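Asks: sequence and predicted model, in that order:
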Amino acid sequence: TNAIISEGISSSNLVAIREVTTFVRLTMKLHGTVTSLEGGSNFATQTVNTIVESGIFEGTGVSVLKGCTLVESSFDIFIQGILGLLAFTTLFAKRYMESPQRPFVVWAFDASKQAVAGMTVHILNIGIAEYLTHAVGAAALKSDECDFYFVNFVIDIFVGVTVTYLLLAIVGVFAEKFNFKILRTG
């Protein structure tokens, strides 16, 4: 295989090799056989490693996939932008669907509060995922940034929402007991 790879390769063959490499990695990831390019004993992993180690991709502008990333490439940033746009679009859609419609200023303050909270949690989750992947050494765990982001997101949803609900219930009981009308929720 090394002899074939080390010969001159046309750009169309290079694209084909890139697509095959990507397909092999995605197939391995979907079937749970291998989650990274480091090590592995099956034929598909060895084939991908041979292609990558040959240096065929150097200087071609083709990036080799090394697991799911969150903010390391322009494609990652593009996807983050699309997701942010989708989140803001839902806030505007919610405004136009509510009845009766709140004054724009009231809606804007409420929507900005939700947007800032969502962006803060998102940025913290990305930071935690980056830290756990690069500083802690996730290669030994065969995990990538997206795995850690997903775990953080699920913990935030289940634990964060539960804690928020319980705190809101405590404040509600406190407001009723001491007749604090300003603390009542509706």
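Replies: Okay, I see it.

Asks: okay, and the residue nearest to Phe88 when sequence neighbours are not counted sits in which element?
Replies: Closest residue to Phe88 apart from its sequence neighbours, by CB to CB, 6 or more residues apart in numbering: Ala115 at 6.7 Å. C-beta coordinates here come from the backbone N, C-alpha and C atoms, glycine included. Assigned by DSSP states H and E, Ala115 falls within helix 104-134.

Asks: now the angle from the helix or strand following that helix to helix 104-134?
Replies: Proceeding N to C from helix 104-134, the next assigned helix or strand is helix 145-155, under DSSP H and E. Between helix 145-155 and helix 104-134, the angle comes out at 130 degrees (axes from the mean of the first three to the mean of the last three CA atoms, to 10 degrees).

Asks: what is helix 145-155 packed up against?
Replies: Secondary-structure packing of helix 145-155 (3 or more CB pairs under 8 Å, 6 or more residues apart in numbering; DSSP states H and E): helix 104-134.

Asks: I'd like the average pLDDT over the helix it packs on.
Replies: Helix 104-134 comes out with an average pLDDT of 90.
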